[in-house]
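Peer 1: Here's a sequence, model it:
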Amino acid sequence: MITKKYGFTLIEILVVITIFGIVLVVANQMLFSALKGASKSEVTAKVKRDGENVISTMERQLHNARSISCEATEKIVTYKNPLGTTTTFSCIDIGTNNGRVTSGSDTLTSSDVLVSSCSITCDPSNDPKAVLINMTLSEKTGSSLRVEERSSLNLRTRVLLRN
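Peer 2: Take a look at the predicted model:
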């Protein structure tokens, strides 16, 4: 009488373990890819929000300015607001890990965002006068992000003075 033994052979178990391992590796790669993409889009959104905030503040103030003057360094613009108060927008520490844009003594950029290049130029030959703003913002390099998750944004605008 032949008795049947129930169970799996060693070959069958090895095939199942191999297939299971391959499925885990593929799922793991897909998960990490999705996490990297989410992290990059979060960083990009933060840099974009910060940049748009800086540009909109500068546009609003300069658009209503009574007069403007730019320095030859293309890093500072001085303007007189409608109340007659003189204020400046400055690009400070550009080229370092502390690059930022200021308005008077206030910093317009957040502590997480780096201004890596910045120029503010006046075009007084135009009627009305215009200010050209060009800057590049990115995530600070001291952050815990990997290289592929970092983001950089170029912003450029031309502000025409109303007055």
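
Peer 1: Which of the helices or strands spans the residue sitting nearest the centre point of the chain?
Peer 2: What sits nearest the mean C-alpha location of the chain, by CA atoms, centre = their mean, is residue 47, with 2.4 Å. Using DSSP states H and E, the element containing residue 47 is helix 10-63.

Peer 1: now swap in residue 136 and tell me
Peer 2: Per DSSP H and E: strand 130-139 holds residue 136.

Peer 1: Residues touching that strand, excluding its own?
Peer 2: Strand 130-139 is contacted from outside by 43, 46-47, 50-51, 54-55, 58, 62, 68, 70, 77, 91, 101, 109, 112-123, 145, 150-161, using CB atoms under 8 Å, 6 or more residues apart in numbering. Where you see a C-beta, it was placed from the backbone N, CA and C, and this is true even at glycine.

Peer 1: Go again with 7 Å.
Peer 2: 43, 47, 50-51, 55, 58, 62, 68, 77, 112-123, 145, 150-160 (CB atoms under 7 Å, 6 or more residues apart in numbering).

Peer 1: cool, stretch 98-114 as well?
Peer 2: 46-47, 50, 54, 57, 87-93, 97, 115-116, 118, 137-140.

Peer 1: Show me which of those are buried.
Peer 2: Neighbour-count burial (16 or more other CB atoms under 10 Å) applied to these gives 46-47, 50, 54, 89-92, 115-116, 118, 137-139.
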